[in-house]
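Trainee: no FASTA, just this:
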Ligand SMILES: Nc1ncnc2c1ncn2[C@@H]1O[C@H](COP(=O)(O)OP(=O)(O)OP(=O)(O)O)[C@@H](O)[C@H]1O
């Protein structure tokens, strides 16, 4: 069933000039009110997809529907979407309030109403005290909140975020991540968030859409994409998995499903990496395959292993996921 503010891509292709396709025949339904992360390596077509949804880039073939209405040819301001850019793109000479109220001014809304609405939005992003400052007088995280308020003031059904956290330091990134999720829940609109980061996608998304080479490789709930990668690319890109070649096919298995077991397969430790809660053991096993075992740290330090040592590994056959080409 197609709900209220579903966004649908129907056979969408993007070509830049005569060069190769950036997005190839992508069809996907983004459910209204969901937090979706578009994830994939550099150049796979994430930003192009987002920019086409926003209307900042033309669609070469196919169509984009929002709430069942074809918005493919509409200008950005008339689609019901809003975009928050990676560099925030704030006007340096305008105060925070005027930046947030800018699109309302363009629409001819009276000054008093603009200021009231902007104040409400600044409240929402916890920036009410900073209305009179200029962007240069704010920290990166604060500028980002202003950019969010500026995008949200148009009342979009879908907010598009292009790598919104990439300019922040790791500590702030985790705080803003929680903030984005809270906002999305409170507003009940869809967020489509482009990221390189697997952790970020897993932490935020109701749905993870993994792109590779201009196409969607896998889409689904975060837990499903992580636990049951369909292809070798997804298994490797999401991380946390081994890809193992066995006589009956190629399989993925989570690194934390591999255990040290005196009755297991033989291998030689190549590397030992302390990761806090776990220790990652890289082991060269049968057939010269590298297998990473994540061992809980207490268990590891009961019987520590060093590079060059022989170990034995095992796993439950039932935890193997067959990979498709
Ligand atoms: N304006 C443009 N003109 C020509 N080619 C472009 C343009 N924008 C993007 N491309 C090409 O299209 C492909 C997809 O680019 P896109 O920016 O959508 O990828 P991305 O997944 O967002 O990458 P990144 O994570 O590095 O931002 C790339 O090969 C890129 O070089």
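Mentor: Great, that's in hand. This structure is a prediction, so every number in the text was calculated from the model and none was measured.
Trainee: Neighbours of the closest residue to residue 203 other than its chain neighbours, how many?
Mentor: Distances taken as CB to CB, 6 or more residues apart in numbering put residue 177 closest to residue 203, at 5.9 Å, once the chain neighbours are dropped. Quick note: C-beta positions are derived from backbone N, CA and C, even for glycine. As a burial measure, residue 177 scores 20 neighbours (other CB atoms under 10 Å).
Trainee: so how far is residue 226 from residue 177?
Mentor: Residue 177 sits 17 Å away from residue 226, going by CB to CB, to the nearest Å.
Trainee: one step back: hmm, the residue nearest to residue 203 is touching residue 200, no?
Mentor: Yes. Shown here, residue 177 and residue 200 form a contact pair, counting by CB atoms under 8 Å, at 6.4 Å.
Trainee: so where do the helices sit in the stretch 51-200 of the chain?
Mentor: 96-106, 111-124, 140-152, 170-187, 198-204 (DSSP state H, counting those that start in this stretch).
Trainee: Most tightly packed of those?
Mentor: Ranked by mean neighbour count, these are led by helix 140-152 with a mean of 22 (mean count of other CB atoms under 10 Å).
Trainee: Could you tell me the average pLDDT over that helix, please?
Mentor: Mean per-residue pLDDT for helix 140-152: 90.
Trainee: Does it pack against any helices or strands, and if so which?
Mentor: With contacts defined as 3 or more CB pairs under 8 Å, 6 or more residues apart in numbering; DSSP states H and E, the packing partners of helix 140-152 are strand 81-84, helix 96-106, helix 111-124, helix 170-187.
Trainee: residues from this structure in reach of the ligand?
Mentor: Contact residues (CB under 6 Å from any ligand atom) of the chain with the ligand: 16, 19, 22, 40, 42, 43, 44, 45, 46, 47, 48, 196.
Trainee: Just the strands from the stretch 151-300 of the chain, written as ranges.
Mentor: Along the stretch 151-300 of the chain, counting by DSSP state E, counting those that start in this stretch, strands occupy 158-162, 190-195, 207-212, 215-221, 241-246, 249-254, 259-274, 278-285, 289-296.
Trainee: Just put these in CSV and tack on mean neighbour count.
Mentor: Formatted as CSV, the strands of the stretch 151-300 of the chain follow (neighbours: other CB atoms under 10 Å):
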stretch, mean neighbour count
strand 158-162, 24
strand 190-195, 25
strand 207-212, 23
strand 215-221, 18
strand 241-246, 18
strand 249-254, 18
strand 259-274, 14
strand 278-285, 20
strand 289-296, 19
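Trainee: Could you save these as CSV and add columns showing mean pLDDT?
Mentor: Below are the strands of the stretch 151-300 of the chain laid out as CSV (pLDDT from 0 to 100):
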stretch, mean pLDDT
strand 158-162, 95
strand 190-195, 96
strand 207-212, 97
strand 215-221, 97
strand 241-246, 93
strand 249-254, 94
strand 259-274, 95
strand 278-285, 95
strand 289-296, 95
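Trainee: out of these, which comes closest to residue 30?
Mentor: Closest to residue 30 of the strands of the stretch 151-300 of the chain, according to CB to CB: strand 190-195, at 6.0 Å.
Trainee: For the closest one, which outside residues touch it?
Mentor: Residues outside strand 190-195 that contact it (CB atoms under 8 Å, 6 or more residues apart in numbering): 5, 7, 30-39, 46-47, 49-50, 53, 157-166, 180, 184, 201, 204-205.
Trainee: starting at the chain centroid, how far to that strand?
Mentor: Taking CA atoms, centre = their mean, to the nearest Å, the mean C-alpha location of strand 190-195 is offset from the chain mean by 6 Å.
Trainee: list the contacts for the residue of the stretch 151-300 of the chain found nearest the ligand?
Mentor: Closest approach between the stretch 151-300 of the chain and the ligand, counting by CB to the nearest ligand atom: residue 196, at 5.8 Å. Residues near residue 196 by CB under 8 Å, 6+ apart: 39, 40, 41, 42, 163, 166.
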